[in-house]
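Student: below is the structure, and that's it, no one-letter string:
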């Protein structure tokens with residue numbers, strides 16, 4: 001009796017792709033998880049080559065790529081284009097698409113429809129949603145539909161106005177207990193990981209210890225199971241005010257400006273292009289071309 005090869009299920013990882021289950025194993029062996037944002041194919045390819053485990057196509061693109069003052073204006077169509085580009089560049093890391101404001105808040109059905117779009121149209125392996133409370137049913141619906149979900153609590157930029165602005169969350173005993181309750185509820189709802197943003201380090205440490213799923217910190221201390229930073233912040237590409245929790249690993253904005261200024265000076269001084277930057281043609285072809293021009297004059 002012969003059997004046909006098994007067809008991978010809809011959520012089976014591509015060959016070489018980090019499986020979701022590996023994140024639980026990394027937490028169990030206390031191996032830090034590296035996550036970074038990216039917004040295009042070259043960035044996805046560079047993050048992959050640097051060994052990132054997870055790539056988030058964040059709605060932060062609204063600010064650092066599209067020039068808005070907040071994350072709220074980001075649209076589904078914009079993030080699908082950016083996610084599709086990142087998935088072309090990243091091979092091993094799991095690519096997680098940020099569900100923008102308005103893409104999941106209305107109903108479970110809306111959340112599932114848009115989550116499925118990220119997987120089918122953009123090639124993402126998972127989505128990220130902000131908040132708890134009403135978001136719990138969205139997480140359950142998405143997971144039930146086969147869309148893996150990363151949750152996000154603490155400072156949630158989409159609702160920063162209601163939180164009193166871009167400031168740390170969970171700094172009182174009551175608010176810290178609420179964050180812990182939200183984290184446990186999101187885990188129970190089926191989230192495979194949890195982002196903790198701008199949360200006091202001791203609170204993040206207690207939440208991390210209480211969960212079986214990994215936590216990814218951004219401004220939440222070293223005891224989280226992993227860390228994430230925004231591409232433009234860590235590379236020094238975004239020239240606005242950086243949050244306190246950002247460590248800038250390069251100053252690429254200054255280097256890019258220097259290169260552009262040097263290019264502009266060379267063009268204006270007719271020092272570029274040089275001979276090695278130009279193409280030639282056979283002398284007989286050039287002569288024939290010039291003869292044809294002469295006949296027209």
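Tutor: Noted; the coordinates are in hand. Since the model is a prediction, treat every value here as computed from it, not as a measurement. Numbering: from 1, shown residues only.

Student: so where's this structure shaky on pLDDT?
Tutor: 1-15, 159-166, 240 (pLDDT under 70).

Student: how is it partitioned into domains?
Tutor: Using automatic domain parsing, the domain parsing of the chain gives 20-250, 255-296.

Student: in the stretch 51-200 of the chain, which spans are strands?
Tutor: Assigned by DSSP state E, counting those that start in this stretch, the strands in the stretch 51-200 of the chain fall at 54-57, 94-98, 126-130, 149-154, 193-197.

Student: same list (these) but as JSON lines, adding distance to residue 237 and mean neighbour count.
Tutor: In this view, the C-beta of every residue, glycine as well, is placed from N, C-alpha and C. As requested, those are exported to JSON lines (distance: least, C-beta to C-beta, whole Å; neighbours: other C-beta atoms under 10 Å):
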{"stretch": "strand 54-57", "distance to residue 237": "16", "mean neighbour count": "30"}
{"stretch": "strand 94-98", "distance to residue 237": "19", "mean neighbour count": "28"}
{"stretch": "strand 126-130", "distance to residue 237": "22", "mean neighbour count": "25"}
{"stretch": "strand 149-154", "distance to residue 237": "23", "mean neighbour count": "27"}
{"stretch": "strand 193-197", "distance to residue 237": "20", "mean neighbour count": "27"}
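
Student: for residue 106, find the nearest of these.
Tutor: For those, proximity to residue 106 was assessed by C-beta to C-beta; strand 126-130 is nearest, at 12.9 Å.

Student: what packs against that closest one?
Tutor: When contacts are defined as 3 or more C-beta pairs under 8 Å, 6 or more residues apart in numbering; DSSP states H and E, strand 126-130 packs onto strand 94-98, helix 108-122, helix 135-144, strand 149-154.

Student: of the ones you listed, which is nearest residue 189?
Tutor: Closest to residue 189 of the helices and strands packed on strand 126-130, according to C-beta to C-beta: helix 135-144, at 4.1 Å.

Student: count the residues that sit near residue 285.
Tutor: As a burial measure, residue 285 scores 10 neighbours (other C-beta atoms under 10 Å).

Student: who's in contact with it?
Tutor: By C-beta atoms under 8 Å, 6 or more residues apart in numbering, the contact set of residue 285 is empty.
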